[in-house]
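Prediction below, plus the sequence it came from.
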Amino acid sequence: MTDFQHKTGSKVADAIRHSWVYLLPKWVWPYAQLARWERPIGWQLLMWPCWWSLALALNYLHRQPSMSAEVSDAISPFGIVWFMLLFWAGAFLMRGAGCTYNDLVDQDIDDKVARTRSRPLPSGRVTKRGALVFLLLQLLGGLLILLQFNQTVIWLGVASLVTVLVYPFMKRVTWWPQLFLGFAFSWGALVGWWSLMGLANTTGLMLWAVPVILYIGSICWVIGYDTIYAHQDIEDDALVGVKSTARLFGENTPQALILLFSAAMTCFAVAIYLSNAGWIAWAGYLAGAAHMVWQLRSLDIHDPAHCLKLFKANSHFGFILFAGLLLGVPA
């Protein structure tokens, strides 16, 4: 037993060694690890499309000649901070719920992979019944947050559950499970936009253009960064028969990532243009593009530790793009 395991009682092989989670009562730790609370990268990557889309809607609405009092309140500094907090909390809870659900579905696979067999379910530290109760509590919390939004967002939030339910099974039937992860993790691109636009009482297909284009771009981004992540487990995945884009692309992964990230940046540029964002948004976009170039130039698919580093660095990309979009909003 390592010093860390002795001190914390944790048996998860790849757990984060220093986390606020270990300040909680010891009986909570297995559930916290089930939801990956000690790994912020997951909720961060789920949150960024929400915040991007919110900022794009903010840019768009600020350039409209007139708006209702409800919209004016929503796009005030207090209103935007409130929406950002809701999206943060929603991303935290739903990422945890998704991980819990995935571990319930994947318990047989996790038990065969060195990096995952020590997780709470395959190791027996959490029972299936306990995991199900924990899952329901997280979903209830997510529902309470969802009910704070307008009706359009509520229905979009309910529809997103389809992508969450389907994703864990895809690695068994298709070489593109990362595509289905993209469907789920990019859903915020639709929700963030309509959290504000749904208050404007305006309709029309063109209003869907920005969030849908952003959604497509985010899907390409998710496929890219999760392909990098999947190269950590490529050997174990081959042994247990799990499919992934990392195995599909193989040595051609760098070329595939160039196409995926280029498609993502093209979609992001179109979304920024259609939302009438200011020049600072474009400066953030260029800084984000430079970050992606750095990822592509430094990629080493045969170094698992470096793959994990690049995967986590995509949260920095998310922040860069968001900062530009937010600072680009006219005063």
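Cool, the structure landed. Numbering: from 1, shown residues only.

okay, CA-based contacts and neighbour counts for the rest of this
Will do.

Need the residues that contact stretch 81-90.
For stretch 81-90, contacts defined as CA atoms under 8 Å, 6 or more residues apart in numbering pick out 43, 47, 50, 51, 142, 145, 146, 195.

any low-confidence regions in this protein?
1-15, 65-66, 68, 114-115, 201-204 (pLDDT under 70).

what about the longest helix in it?
When the chain is parsed with DSSP state H, its longest helix is helix 77-105.

residues in contact with residue 44?
91, 315.

ok, now how distant is it from residue 91?
8 Å (CA to CA, to the nearest Å).

Please state the offset of stretch 150-169 from the chain centre?
Centre-to-centre, stretch 150-169 and its host chain are 14 Å apart (CA atoms, centre = their mean, to the nearest Å).

In it, which residues are buried?
Within stretch 150-169, the residues that count as buried by 16 or more other CA atoms under 10 Å are 153, 154, 156, 157, 160, 163, 164, 167, 168.

Just the CA trace of that stretch, in PDB.
Taking Å, rounded to 0.1, in the frame of the first residue of the first chain, the C-alpha atoms of stretch 150-169 are listed here in PDB:
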ATOM      1  CA  ASN A 150     -36.800  29.300 -19.100                       C
ATOM      2  CA  GLN A 151     -38.900  26.600 -20.800                       C
ATOM      3  CA  THR A 152     -36.800  26.200 -23.900                       C
ATOM      4  CA  VAL A 153     -33.700  25.400 -21.700                       C
ATOM      5  CA  ILE A 154     -35.700  23.000 -19.600                       C
ATOM      6  CA  TRP A 155     -36.800  21.000 -22.600                       C
ATOM      7  CA  LEU A 156     -33.200  21.100 -24.000                       C
ATOM      8  CA  GLY A 157     -31.900  19.900 -20.700                       C
ATOM      9  CA  VAL A 158     -34.400  16.900 -20.600                       C
ATOM     10  CA  ALA A 159     -33.400  16.100 -24.200                       C
ATOM     11  CA  SER A 160     -29.700  16.000 -23.300                       C
ATOM     12  CA  LEU A 161     -30.400  12.900 -21.200                       C
ATOM     13  CA  VAL A 162     -30.700  10.800 -24.400                       C
ATOM     14  CA  THR A 163     -27.000  11.600 -25.200                       C
ATOM     15  CA  VAL A 164     -25.900  10.700 -21.600                       C
ATOM     16  CA  LEU A 165     -27.800   7.400 -21.600                       C
ATOM     17  CA  VAL A 166     -26.500   6.300 -25.000                       C
ATOM     18  CA  TYR A 167     -22.800   7.200 -24.600                       C
ATOM     19  CA  PRO A 168     -21.500   4.400 -22.300                       C
ATOM     20  CA  PHE A 169     -22.700   1.700 -24.700                       C
END
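
sorry, back to before: which of the contacts of stretch 81-90 lies closest to residue 118?
Set against residue 118, the nearest of these by CA to CA is residue 43 (21.9 Å).

which residue is nearest the centroid of this protein?
The residue lying closest to the centre of the chain (CA atoms, centre = their mean) is residue 46, at 2.1 Å.

how far away is it from residue 221?
12 Å.

rewinding a little: so the residue nearest to the centre of the chain touches residue 183, yeah?
No - using CA atoms under 8 Å, residue 46 makes no contact with residue 183, being 11.1 Å away.

what's the overlap in contacts for these two?
With CA under 8 Å, 6+ apart, residue 46 and residue 183 have no common neighbours.

Next secondary structure after the helix or strand harbouring residue 53?
Element membership for residue 53 (DSSP states H and E) is helix 41-62. Counting by DSSP H and E, the element after helix 41-62 in chain order, helix or strand, is helix 69-74.

residues touching the closest residue in space to residue 112 that isn't next to it in sequence, list them.
Closest residue in space to residue 112, ignoring its immediate chain neighbours: residue 240 at 7.0 Å, by CA to CA, 6 or more residues apart in numbering. By CA under 8 Å, 6+ apart, residue 240 lies in contact with 109, 112, 113.

among these, which ones are buried?
Among the contacts of residue 240, the ones that count as buried by 16+ other CA under 10 Å are 109, 113.

Which member of the contacts of residue 240 is positioned nearest residue 215?
The closest of the contacts of residue 240, once distances to residue 215 are taken by CA to CA, is residue 109, at 30.1 Å.

Look up how far residue 118 lies from that closest one.
Distance, residue 109 to residue 118, by CA to CA: 12 Å.

can you give me the helices for the stretch 101-250 of the chain?
107-110, 120-123, 128-146, 151-173, 177-185, 188-197, 209-230, 234-240, 245-249 (DSSP state H, counting those that start in this stretch).

contacts for the fifth one?
With contact meaning CA under 8 Å, 6+ apart, helix 177-185 is reached by 45-46, 160, 163-164, 166-167, 170-171, 218-223, 226-227, 243-245.

and that helix with helix 209-230, angle?
Counting by axes from the mean of the first three to the mean of the last three CA atoms, to 10 degrees, helix 177-185 lies at 130 degrees to helix 209-230.

returning to that earlier point: looking at the helices of the stretch 101-250 of the chain, spot the one closest to residue 324.
Comparison of the helices of the stretch 101-250 of the chain against residue 324 by CA to CA identifies helix 209-230 as nearest, at 15.3 Å.
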